[in-house]
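A.B. asks: what's the 3D shape of this:
(chains A and B)
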Amino acid sequence: MIEYKEGEFKEFIIKPNSSLSWKGNKIFFFMLFFVSFVIAFSFAMAGMWLIVPFTGLEMILLGSALTYCYIKNSQCEIVKIDENKVSVALIRMRTKKVFDCNKYWAKFILNKPKLSGYPHKLVLRSAGREMEIGALLTDEERIKLARMLKKNVE
Amino acid sequence: MSSVVKDTHHDEHPSGIMRWITTTNHKDIGTLYLWFAMIMFFIGGLMALVIRSELFQPGLQFVDPQFFNSMTTMHALVMIFGVVMPAFTGLANWMIPIMVGGPDMALPRMNNWSFWIMPFAFSMLLSTLWMDGGAPAGGWTLYPPLSLQTGDAFPFLIFAIHFMGLSSIMGAINIVATILNMRAPGMTLMKMPLFVWTWLITAFLLIAVMPVLAGGVTMLLTDKYFGTSFFNAAGGGDPVMFQHIFWFFGHPEVYILILPSFGVVSAIIPTFARKPLFGYASMVYATASIAFLSFIVWAHHMFTVGMPLAGEVFFMFATMLIAVPTGVKVFNWVTTMWKGAMTFETPMLFAIGFIVMFTIGGFSGLMLAITPADFQYHDTYFVVAHFHYVLVPGSIFAIMAACYFWLPKWTGNMYPETLGKVHFWLSTFFVNLTFFPMHFVGLAGMPRRIPDYSLQFADYNMIASIGAFGFGFAQIIFLYIIIKTIKGGSKATDQVWEGAEGLEWTLPSPPPYHSFSTPPVIK
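C.D. replies: Numbering: from 1, shown residues only, chains lettered A, B, ... in the order given. Modelled structure (predicted):
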């Protein structure tokens, strides 16, 4: 998703669409965790303990999948463009990295994939430095973002 | 100062074999699942024809009893794990991201893995046909001690089941993660299409019961090769415990095979009745109720094994209770059709056929739920008739209905309607010719899983065998229709069907390689 705001400066908030909060994901996970282990331990109490490790492995897989989705969905990139400066903030979980550059040296480049079907890569390049933007978007959104950014730094 | 380096047409994708091996696209993986299911359908179908050829008349004609038993075992494993489950996973892959307005599945790489495990699992399973001691012949239920007498095939069978289970779990986790996290803004849970709801509940069931199967078959393996005695009475184990384990997995498995069918039918009936689905919320709650009840009815498969009277009564009434939410569903489908502006295109015919014949299977299920009556029916052809009515005109008809319903959307071409109707009527006639007489021979006492039988069952068996061959040949028409539609035909519109509603019908036919570049607006 790309949110565009225009005020003192132009701001692009880039984030993936997430329809369930982390809390919601946790509630779902623990509900399944509870049901699965009640089943597994009930059989274990009857001597059929080999079901427990399989349940454990499955819960690790489910937990990892939901965590991966959360991490992927909680990423956010904020691109601010003002009179003289382009600033990109990368927010990953609790970390925030900021990349500032002079607007007149900033160059948004959309690299075509080497093999067709693979995604384009959008980078901001300035004074020998380069960073990727919009990796969490779909390819169509990335192409659209490239056009919007290009228009705003021209 | 900025530049865009060569903006290309973004609908391109890798071509050739590598497209299919490396794909992470939900539509490609959906297509792979559906073709895999189709191939396995013909393999499993051939096994069924071997069974019906042998049973065409009393006496041993074509195969020896060991091979006959291998055929019944392999036919079940192939049809359940290789046809119905992958077909529904294929439909889920194709339709769920589109229906919820997401760009793809939540975990596309895992999606690729979960498909590509399947061909290896089934190659392993089918390779047992050429092994010393033959393919597994103890029935798909794998009851010990009989299944432990399997020859070299045994470890291959167990690992094939593990791989199928792993694939199912990965598929289920992916579907859950997609439905929970990838819905478009505004697509609340109670706005989701019923196909999505039924799959969410199916995935929940899969995740809950698959470790039970995995643990159960692993214990069989350790009993055979590592000297444990989980199910060996001589070592202090309990063979009946395996039956509890198996059916604790096996009964929810039945609902795993049928719940997505309910979702498919709930999409088709309103489209061709040109009315909204009657009682959407009650459909969701009925599906959840069926899923819950599926956990507490497993021992109805074991009435004759020996159980305390209180246990038998509990499992009898719990089983009969399932008729209530299932009845709600049938009532809602019929009420949706009531006073609707109905037309009878092929998907609708299959959906109506599903309702009628699934209900027949449901009623015979109710008969089997009655404990004292089950003592008479148990292990007879009546049971075979019951579950085939639920799975063939139930699950398989729903899959066929879904294919006809969404094929124009997938390919951009309309299928030949007349041929589709011919396929439906031939399938319906022959499926009844095959399975209805089995009720009579079952009630008369013909046991299941035998290659030879008493003379008094000859006529009905002959009819059933003719029906099976007719049904098998009718499916060649289905294959022909699909190939013909993929290759060409009159162009389908975006909406395809006049009464169709839902996000999938807002996309072009065929949809672009990446579905929704920006989340659609849900009203």
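A.B. asks: CA only for contacts and neighbour counts going forward, please
C.D. replies: Noted.
A.B. asks: Domain-wise, how is chain A divided?
C.D. replies: Structurally, chain A divides into domains by automatic domain parsing as follows: A:2-16+A:76-153, A:22-73.
A.B. asks: now the helices for the stretch 201-350 of chain B?
C.D. replies: Counting by DSSP state H, counting those that start in this stretch, residue ranges of the helices within the stretch 201-350 of chain B are B:239-273, B:280-294, B:309-321, B:323-337, B:346-369.
A.B. asks: Quick one, which of the ones you listed gets closest to B:Gly215.
C.D. replies: Closest to B:Gly215 of the helices of the stretch 201-350 of chain B, according to C-alpha to C-alpha: helix B:239-273, at 8.8 Å.
A.B. asks: how distant is the closest one from the center of its chain?
C.D. replies: 8 Å (C-alpha atoms, centre = their mean, to the nearest Å).
A.B. asks: quick one: it to helix B:323-337, angle?
C.D. replies: Inter-element angle recorded for helix B:239-273 and helix B:323-337: 10 degrees (by axes from the mean of the first three to the mean of the last three C-alpha atoms, to 10 degrees).
A.B. asks: in the stretch 201-350 of chain B, what spans have low per-residue confidence?
C.D. replies: Per-residue confidence for the stretch 201-350 of chain B (pLDDT under 70) gives no ranges below the cut-off.
A.B. asks: Contact residues of it facing chain A?
C.D. replies: Residues of the stretch 201-350 of chain B that fall close to chain A, judged by C-alpha under 8 Å from any C-alpha of the partner chain: B:204, B:207-209, B:211-212, B:214-216, B:218-219, B:230, B:245.
A.B. asks: what sits up against stretch B:151-160?
C.D. replies: Counting contacts by C-alpha atoms under 8 Å, 6 or more residues apart in numbering or on different chains, the residues outside stretch B:151-160 that touch it are B:121-122, B:124-125, B:128, B:131-136, B:148, B:217-218, B:221.
A.B. asks: Then stretch B:185-198?
C.D. replies: For stretch B:185-198, contacts defined as C-alpha under 8 Å, 6+ apart pick out A:17, A:19, B:92, B:96, B:99-100, B:179, B:259-260, B:262-264, B:266-267, B:280-281, B:283-284, B:287, B:502, B:519-523.
A.B. asks: Could you tell me the end-to-end distance of that stretch?
C.D. replies: Between the opening and closing residues of stretch B:185-198 there is a gap of 21 Å (C-alpha to C-alpha, to the nearest Å).
A.B. asks: will you turn the helices of the stretch 201-350 of chain B into TSV that also has mean neighbour count?
C.D. replies: TSV is the format used below for those (neighbours: other C-alpha atoms under 10 Å in any protein chain shown):
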stretch	mean neighbour count
helix B:239-273	23
helix B:280-294	19
helix B:309-321	17
helix B:323-337	18
helix B:346-369	22
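A.B. asks: got TSV for those helices, with distance to B:Met40 too?
C.D. replies: As requested, the helices of the stretch 201-350 of chain B are arranged in TSV below (distance: least, C-alpha to C-alpha, whole Å):
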stretch	distance to B:Met40
helix B:239-273	16
helix B:280-294	27
helix B:309-321	31
helix B:323-337	29
helix B:346-369	21
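A.B. asks: Can you name the residues that contact the spatially most central residue of chain B?
C.D. replies: Averaging the C-alpha coordinates of chain B gives a centre point, and the residue nearest to it by C-alpha atoms, centre = their mean is B:Val84 (2.7 Å). The neighbourhood of B:Val84, defined by C-alpha under 8 Å, 6+ apart, consists of B:Ala37, B:Leu257, B:Ser395, B:Ile396, B:Ile399.
A.B. asks: Can you flag which of those belong to strands?
C.D. replies: With strands identified by DSSP state E, none of the entries of the contacts of B:Val84 belong to them.
A.B. asks: Nearest to chain A among the residues you listed?
C.D. replies: When those are compared for distance to chain A, the smallest value, 20.0 Å, is given by B:Leu257; criterion: C-alpha to the nearest C-alpha.
A.B. asks: Check whether that closest one really touches B:Ala87, as I assumed.
C.D. replies: No - taking C-alpha atoms under 8 Å as the definition, B:Leu257 is not a contact partner of B:Ala87, at 10.0 Å.
A.B. asks: what touches both of these two?
C.D. replies: Overlap of the contact sets of B:Leu257 and B:Ala87 (by C-alpha under 8 Å, 6+ apart) is empty.
A.B. asks: quick check, distance from stretch B:293-306 to the centre of its chain.
C.D. replies: On the basis of C-alpha atoms, centre = their mean, stretch B:293-306 is displaced by 21 Å from the centre of the chain it belongs to.
A.B. asks: now stretch B:201-212
C.D. replies: If you compare the mean C-alpha spot of stretch B:201-212 with that of the full chain, they lie 14 Å apart, counting by C-alpha atoms, centre = their mean.
A.B. asks: How about stretch B:347-361?
C.D. replies: Averaged C-alpha coordinates place stretch B:347-361 at 15 Å from its chain's average position (C-alpha atoms, centre = their mean).
A.B. asks: now could you export just the CA positions of that stretch as PDB?
C.D. replies: Extracted as PDB, the C-alpha positions of stretch B:347-361 are listed here (Å, rounded to 0.1, in the frame of the first residue of the first chain):
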ATOM      1  CA  PRO B 347     -21.900 -25.900 -12.600                       C
ATOM      2  CA  MET B 348     -25.400 -25.500 -11.300                       C
ATOM      3  CA  LEU B 349     -26.300 -29.000 -12.500                       C
ATOM      4  CA  PHE B 350     -23.300 -30.400 -10.600                       C
ATOM      5  CA  ALA B 351     -24.200 -28.300  -7.500                       C
ATOM      6  CA  ILE B 352     -27.800 -29.600  -7.500                       C
ATOM      7  CA  GLY B 353     -26.600 -33.100  -8.100                       C
ATOM      8  CA  PHE B 354     -24.300 -32.600  -5.100                       C
ATOM      9  CA  ILE B 355     -27.100 -31.500  -2.800                       C
ATOM     10  CA  VAL B 356     -29.400 -34.400  -3.800                       C
ATOM     11  CA  MET B 357     -26.800 -37.200  -3.700                       C
ATOM     12  CA  PHE B 358     -24.800 -35.900  -0.800                       C
ATOM     13  CA  THR B 359     -28.000 -35.900   1.200                       C
ATOM     14  CA  ILE B 360     -28.500 -39.600   0.200                       C
ATOM     15  CA  GLY B 361     -25.000 -40.200   1.600                       C
END
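A.B. asks: neighbouring contacts of that stretch?
C.D. replies: Outside of stretch B:347-361, the residues within contact range by C-alpha under 8 Å, 6+ apart are B:265, B:268-269, B:272, B:330, B:385-390, B:393-394, B:397-398, B:400-405, B:421, B:424, B:428.
A.B. asks: quick revisit: top of the contacts of stretch B:151-160 by number of neighbours, please.
C.D. replies: Sorting the contacts of stretch B:151-160 by how many neighbours each has (other C-alpha atoms under 10 Å in any protein chain shown) puts B:Pro136 first, at 31 neighbours.
A.B. asks: Cool, thanks, signing off.
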